[in-house]
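S.K.: Next comes the sequence, and after it the predicted model I'd like to discuss.
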Amino acid sequence: MFTRALVLSSFLTLIQVAKTVLADEPICYSGCQAGATTYLFSNCSSTDLSLVDFASCQCGSVPYLGSMALCYANNCKSEAAVAWDYLQQDICGGLAANTEYISTLNNATHYILPGSTIDKTQPIYSTVLFSQEEIEPTFRTINEYNRQIWLANVYGGATNVVVLIYIILGVINNIYHHLGLRAARSRVSKKKSMISRSSQYLRKKFINPALFHNGLHSRQGRLLGVRVTIPTRIESIALAIFLIVNIVILFPNYRLFTDNTYWPDNNPLQLCRYIADRTGIVSFTQLPMVFLFSSKNNVMLYVTGWSYDRFTVAHKWISRTMFFHGLVHSIAYTVYPYLTIGYDGWTLYKLYATDLYFQYGIVATILGAFILAMAMPTFRTRAYEFFLATHIFMVVFFMIGLWYHVEYIPLMAFMPWLYASVAIWSFDRFIRLVRLILLNIKLAKTGYQSCVARVLPEDCILLQVPANRPFLRNIRPGAYVYIYVPSISLWQSHPFTIAKWSEPSSLEASVNETLPVPETDIAKTEGDRASASGSSTSQTFNGPSFDLLIRPQRGLTAKLYRKILDNHKPLELNVIIEGPYGHTAPMDQYDTAVYITGGVGITASYPYLQKAITKSPGRTRHIIFIWIVRTSQALHWVQEDLCKLLKEADSSLAIDVEIYITKESQAEDLPKPLADSIHFGARPNVIKRINEIVTVSPSSVAVLACGPPGLNDEVRCAVSEEGIPYYEESFSW
């Protein structure tokens, strides 16, 4: 019986706290009402307000109204009028005489009795002066509770400020790049300035290196047997600071006292509740950052110049800290019933769980755990398309759970963070929809872009897409587009880097040429490779176009590969294009630009070479282009365009091309401009080669790498040794 009474009492206490929060009660009213409930005012037969009609009892009692007015005047003068209106309108609802606060106070001062002199068992017909012992604990309790809510928002804001500082530093660095200051200063190689030496030291020790000396970054490491992606050293330092802030804010500024009217004589219970509320609010404050950093139209990409991969790292880790706070919030509310009544806490927990908001909180916590678990590299890389679909699906229901969990708690200001997150997501989707419409809804009856797809050697797909929209005609290096293939799947899309573009003057010749495709073992078994690669059915576009080189993996790209082979000739294909997105590394700010790519990673470096030759090299006077492939068959991807491009190069721009074919000792029918640049059966010693380049270069050097994870990590180690600027394009998802 006692346990049931305790459970009911605890539940009613939680309701009272929620009532205070939900109704946004003025503190002045709550504190004075705590004093009033201990007296038997006229019209009331009991101080137990659960046994009487509150409205017809206290609200109809002139002594009660006068006592409340006097309490307001003595304890909260600035809020007295607000508290009086709340009492008259929200509590009494017009049942009390609608009197002015001042007139009621003036009348009350004529009939004042100190509370200490009154027999509380007898009806009272005079104004009561509540003692501080009767009202101060309630004032203190509510003030501390509101203070905790305010602190939670402040600490949550502090985590946002940490990220904002990082963004500001990124903006400053980006401006520094665009003004060309870094390159100009680094030219003074013989007499390096202090800033130049400091920049080199920072790149060598913090900016370029992987976190650990094993060099793992693009390659995945293992933690407790689970595959993990390890951030770079500078990213790890930034994340460490962010994580430390997220942990530190859990501990300070809790004021616990035994006469707390919400949780009396139970300091652990007070602490548990404050921790629960703090972590819940902090979790919500990080939600907009999670959505912003995952959006394709993230404005921070442009103002900082950071890659989408870097923001993806931020998205993942902020998601984890957000869930961490949410998990602590859930654990605290699970422990809360046991701290309230002891071992029978499960009974109270079940009572809490009857509330819909509590149930939605449980659902959101479980979904959050599944979202993070399924985003781990082990699962994501093996079933990316399934991951993407389920990720979006679960996030939608996660947000619904959060919405209904906090919908009616305005004091804690949860909803603005949700509104901001939904607004960011909606804006991103709206811009993406606008891009899709502008790029694809055209005069053609289908509403799709018509492109040509063919199979190239080394199991590669060439997708030639007409650039028949202004947004697609000024392609910059680093740009990529998302491609939807409705005939395969209308809802799936994949990002592909724009490998090269064709101008109208030279387009017709390039698209009508047939790429030579030597027969390979795979071609023999398939029987369709040669016919699908090129024939008299080559297509011609009446305008500029761009090319995508696609390495088939699983899912959509594998289906596209099979579809082209089954067609027995180049396939005219309807696609939907979204983009272009991406950023351009400031390689033209350096005197020597080094591009090191492996395999299909040439899609990242070739556009820089094309821009330097056909448009403007900027400050660059020397380009070193290193490409590593397994067989000579891969050269057919770009060899004709590359040869033409090299012939067009201005004599003032020195270009060195180095091609390494690792799986062959020789090859035939290689074009003359490239034949002298090819190294058979070998890989370059990246560390040694970069050291040689830096040694002989009289001025600034920068390196861009794109290739398999092992190559990227090898280049990162090399540039870290030299302390030179480094830019990386990754194959990672």
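M.R.: Good, I have the coordinates. Residues are numbered from 1 along each chain as shown.

S.K.: Could you list the domains of this structure?
M.R.: Domain assignment of the chain by automatic domain parsing yields the ranges 23-130, 141-252+267-352+409-431, 449-582, 587-729.

S.K.: Packing partners of the longest helix along the chain?
M.R.: Secondary structure of the chain read by DSSP state H shows that its longest helix is helix 132-178. If you count contacts as 3 or more C-beta pairs under 8 Å, 6 or more residues apart in numbering; DSSP states H and E, helix 132-178 packs onto helix 27-36, helix 62-75, helix 233-248, helix 267-285, helix 300-304, helix 308-341. Every residue, glycine included, has its C-beta placed from N, CA and C.

S.K.: could the ones you listed be laid out in a markdown table, adding mean neighbour count and mean pLDDT?
M.R.: Shown next, in a markdown table, are the helices and strands packed on helix 132-178 (neighbours: other C-beta atoms under 10 Å; pLDDT from 0 to 100):
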| stretch | mean neighbour count | mean pLDDT |
| --- | --- | --- |
| helix 27-36 | 24 | 88 |
| helix 62-75 | 23 | 88 |
| helix 233-248 | 16 | 97 |
| helix 267-285 | 22 | 96 |
| helix 300-304 | 17 | 91 |
| helix 308-341 | 20 | 94 |
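
S.K.: hang on, isn't residue 71 packed against residue 35?
M.R.: Yes: counting by C-beta atoms under 8 Å, residue 35 is a contact partner of residue 71 at 6.4 Å.

S.K.: shared neighbours, those two?
M.R.: 130, 135 (C-beta atoms under 8 Å, 6 or more residues apart in numbering).

S.K.: so where do the strands sit in the stretch 301-450 of the chain?
M.R.: 449-456 (DSSP state E, counting those that start in this stretch).

S.K.: Where does pLDDT dip in it?
M.R.: 410-412, 442-448 (pLDDT under 70).

S.K.: for the chain, same thing?
M.R.: Using pLDDT under 70, the chain drops low at 1-24, 43, 45-56, 94-98, 180-195, 410-412, 442-448, 503-542, 731-733.

S.K.: residues in contact with residue 127?
M.R.: 63, 66-67, 70, 108-113.

S.K.: Look up how far residue 381 lies from residue 225.
M.R.: According to C-beta to C-beta, to the nearest Å, residue 225 stands 16 Å off from residue 381.

S.K.: for residue 721, that is, sorry about that
M.R.: The value you get for residue 721 to residue 381, if C-beta to C-beta is used, is 30 Å.

S.K.: next one: residue 567
M.R.: Residue 567 is 30 Å from residue 381, by C-beta to C-beta.

S.K.: Ok, residue 676 next?
M.R.: 39 Å.

S.K.: Those two - which one has more neighbours?
M.R.: Per other C-beta atoms under 10 Å, whichever of residue 676 and residue 381 has more neighbours is residue 381, with 15 against 8.

S.K.: Next, the more buried one: phi, psi?
M.R.: phi -80, psi -20 (degrees, to the nearest 10).

S.K.: same deal with residue 581?
M.R.: According to degrees, to the nearest 10, residue 581 has phi -110, psi -170.

S.K.: so where do the helices sit in the stretch 501-650 of the chain?
M.R.: Secondary structure of the stretch 501-650 of the chain (DSSP state H, counting those that start in this stretch): helices located at 504-512, 521-526, 529-533, 556-567, 602-614, 639-648.

S.K.: Please tell me I have it right and residue 477 contacts residue 608.
M.R.: Yes: Residue 477 is in contact with residue 608 according to C-beta under 8 Å; the separation is 4.4 Å.
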